[in-house]
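Peer 1: quick one, what's the 3D model for this:
(one chain, ligands or ions: 1)
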Amino acid sequence: MAAAAAEGAAAKALRAVLGRAAKAAERSGRAAEAVRVVAVGKTKPVSMVRELYDAGHRCFGENYVQEFVTKAPQLPEDIRWHFIGHLQSNKVKSLLAAVPNLHMVEGVDNVKIANHLDRAVSSLGRDPLKVLVQVNTSGEESKSGIDPSRCVELAKHVKLACPHLIFSGLMTIGMKDYSSTPENFKALVNCKLEVCKAIDMPAEQFELSMGMSGDFEQAIEMGSTSVRIGSTIFGPREYPNKKN
Ligand SMILES: *Cc1c(COP(=O)(O)O)cnc(C)c1O
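Peer 2: Predicted structure coming up:
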């Protein structure tokens, strides 16, 4: 008789990350459940995502639309998918069509993409979609994201002019080497305070997506409600022709 399958490397790594995230949440005076761990499986096979699903995880993220639209339909429908990072207008329709269980788009960084998403959700007759506004807190030109000085304006636009989107908070990507200085996270926390005030949104409902493999514990201690973890769970990524 088969014993319970041995725990695979990814499932084991996920368990370690969940434990570390829970401890960091505790240090910030919050329950483990207050922090979501989005397992980012970009460049990794469907089988690895399935391994984590079988271990009980339900929250996953992808960053390349083309990869996302081929993977998501091969995986169970009760996965809560996050699209993370910059989204191009011309890919919105195919993304929404292929991923009915898309839970959140983390990466709205201009009015045009917000309007585009809003219209696409409406024309497909989907339920309103949660979105986070991506803020460029590091000032690096290579990063997408709106300048912190303009995040209130964009948050207001999503909230007031995009009836098919649910403005849910802010997201940022740390420094290139993934060793985000606290300044990046502090800047996002400041943006949150400004946006909360401007749109009269209760702070408890406000999502802050910050923290990746190299810095998620620090991010949680500073108030992150959602961390995006790729390589620490799935192992290092290899890009044949592409730089990250
Ligand atoms: C790839 C990616 C991640 C995960 O990065 P790791 O450093 O491997 O944890 C997080 N956020 C975004 C936007 C990404 O593209």
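Peer 1: can you tell me the element residue 11 falls in?
Peer 2: Residue 11 is part of helix 9-27, with elements assigned from DSSP states H and E.
Peer 1: oh, that last question was meant for residue 186, not what I typed.
Peer 2: Element membership for residue 186 (DSSP H and E) is helix 182-199.
Peer 1: now that helix: buried residues?
Peer 2: 184, 185, 187, 188, 189, 191, 192, 195, 196 (16 or more other C-beta atoms under 10 Å). Bear in mind the C-beta positions are built from the backbone N, C-alpha and C, glycine included.
Peer 1: mind listing what the nearest residue to the second one once chain neighbours are set aside touches?
Peer 2: Put plainly, it is residue 185. Leaving aside its sequence neighbours, residue 185 sits nearest to residue 222 (C-beta to C-beta, 6 or more residues apart in numbering; 4.5 Å). Contact partners of residue 222, counting by C-beta atoms under 8 Å, 6 or more residues apart in numbering, are 28, 182, 185, 186, 189, 210.
Peer 1: returning to that earlier point: give me the contacts around the helix holding residue 11.
Peer 2: The contact list for helix 9-27 (C-beta under 8 Å, 6+ apart) reads 7, 31-32, 34-35, 37, 39, 48, 51-52, 54-55, 57, 216-218, 220-221, 227, 229, 232-235.
Peer 1: out of those residues, which sit inside helices?
Peer 2: 48, 51, 52, 54, 216, 217, 218, 220, 221, 232, 233, 234 (DSSP state H).
Peer 1: wait, the third one touches residue 79, no?
Peer 2: Pointing back at residue 52 there. No - here residue 52 does not reach residue 79: they are 9.9 Å apart, not a contact under C-beta atoms under 8 Å.
Peer 1: residues from this protein in reach of the ligand?
Peer 2: Contact residues (C-beta under 6 Å from any ligand atom) of the chain with the ligand: 40, 42, 63, 84-85, 173, 178, 212-214, 228-232.
Peer 1: which residue in those residues has the weakest pLDDT?
Peer 2: Of all these, residue 178 carries the smallest pLDDT score, 56.
Peer 1: check contacts around the closest residue to residue 209 other than its chain neighbours.
Peer 2: Nearest non-adjacent residue to residue 209, counting by C-beta to C-beta, 6+ apart: residue 171, 3.8 Å away. Neighbour list for residue 171: 84, 106, 107, 132, 133, 134, 135, 208, 209, 210, 226 [criterion: C-beta under 8 Å, 6+ apart].
Peer 1: quickly list what residue 171 is bridged to.
Peer 2: Per DSSP bridges, the residues bridged to residue 171 are residue 134, residue 209.
Peer 1: show the pLDDT at it.
Peer 2: Looking at residue 171, the pLDDT reads 98.
Peer 1: the nearest residue to residue 53 once chain neighbours are set aside: how many residues sit nearby?
Peer 2: Leaving aside its chain neighbours, residue 53 sits nearest to residue 76 (6.2 Å; criterion: C-beta to C-beta, 6+ apart). The tally of other residues near residue 76 (other C-beta atoms under 10 Å) stands at 12.
Peer 1: hmm, residue 125 and residue 164 touching each other?
Peer 2: No - shown here, residue 164 and residue 125 do not form a contact pair, counting by C-beta under 8 Å, at 9.9 Å.
Peer 1: those two: who's more crowded?
Peer 2: residue 164 (17 against 7).
Peer 1: apart from its chain neighbours, what residue comes closest to that one?
Peer 2: Residue 164 sits nearest to residue 121 (C-beta to C-beta, 6+ apart), 4.0 Å away.
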